[in-house]
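Asker: following is a predicted model, sequence given first.
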Amino acid sequence: MAFGALKGFLDVRYGTRDGSACAEFSWEGHDENDPSCGRGWAMIGTAGRLVGHFYIHNGDDSAFVCERG
């Protein structure tokens with residue numbers, strides 16, 4: 001994955017969230033060349049968009065929405 005200046009590798013587990021299919025993940029990588037890690041989740045939202053939330057351990061977090069181009 002790549003998100004701004006952050007790059008990392010995911011460890012994904014599939015399940016459900018609020019009755020819908022969901023992917024929950026932990027990640028490990030680098031944020032501006034500093035070692036970093038965290039967690040997050042993603043699921044299919046309205047209109048077929050991928051929605052989720054991304055957390056950096058002891059740092060920021062951010063919601064995201066992905067649409068097909």
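Answerer: Here it is on my side, so go on. Residues are numbered from 1 along each chain as shown.
Asker: quick one, what contacts the nearest residue to Gly40 once chain neighbours are set aside?
Answerer: Once flanking residues are discounted, Gly40 sits nearest to Phe54: 4.2 Å by C-beta to C-beta, 6 or more residues apart in numbering. In this view, the C-beta of every residue, glycine as well, is placed from N, C-alpha and C. Shown in contact with Phe54 (C-beta atoms under 8 Å, 6 or more residues apart in numbering): Phe3, Gly38, Gly40, Asp61, Ser62, Ala63, Phe64.
Asker: may I ask which of the residues you listed has the most neighbours?
Answerer: The most crowded member of the contacts of Phe54, judged by other C-beta atoms under 10 Å, is Gly40 (22 neighbours).
Asker: on the three-state scheme, it is what?
Answerer: At Gly40 the chain is in strand, as set by DSSP: H, G, I helix; E, B strand; the rest coil.
Asker: so what sits opposite the residue nearest to Gly40 in the bridge?
Answerer: The partner list for Phe54 in beta bridges (DSSP bridges) reads Gly40, Ser62.
Asker: circling back to that earlier point, can I get the contacts of Phe54 in JSON lines with distance to Thr16 and pLDDT?
Answerer: Below are the contacts of Phe54 laid out as JSON lines (distance: C-beta to C-beta, whole Å; pLDDT from 0 to 100):
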{"residue": "Phe3", "distance to Thr16": "25", "pLDDT": "68"}
{"residue": "Gly38", "distance to Thr16": "22", "pLDDT": "94"}
{"residue": "Gly40", "distance to Thr16": "16", "pLDDT": "95"}
{"residue": "Asp61", "distance to Thr16": "22", "pLDDT": "93"}
{"residue": "Ser62", "distance to Thr16": "23", "pLDDT": "91"}
{"residue": "Ala63", "distance to Thr16": "19", "pLDDT": "94"}
{"residue": "Phe64", "distance to Thr16": "20", "pLDDT": "92"}
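Asker: closest one of the residues you listed to Leu10?
Answerer: Gly40 (8.6 Å; C-beta to C-beta).
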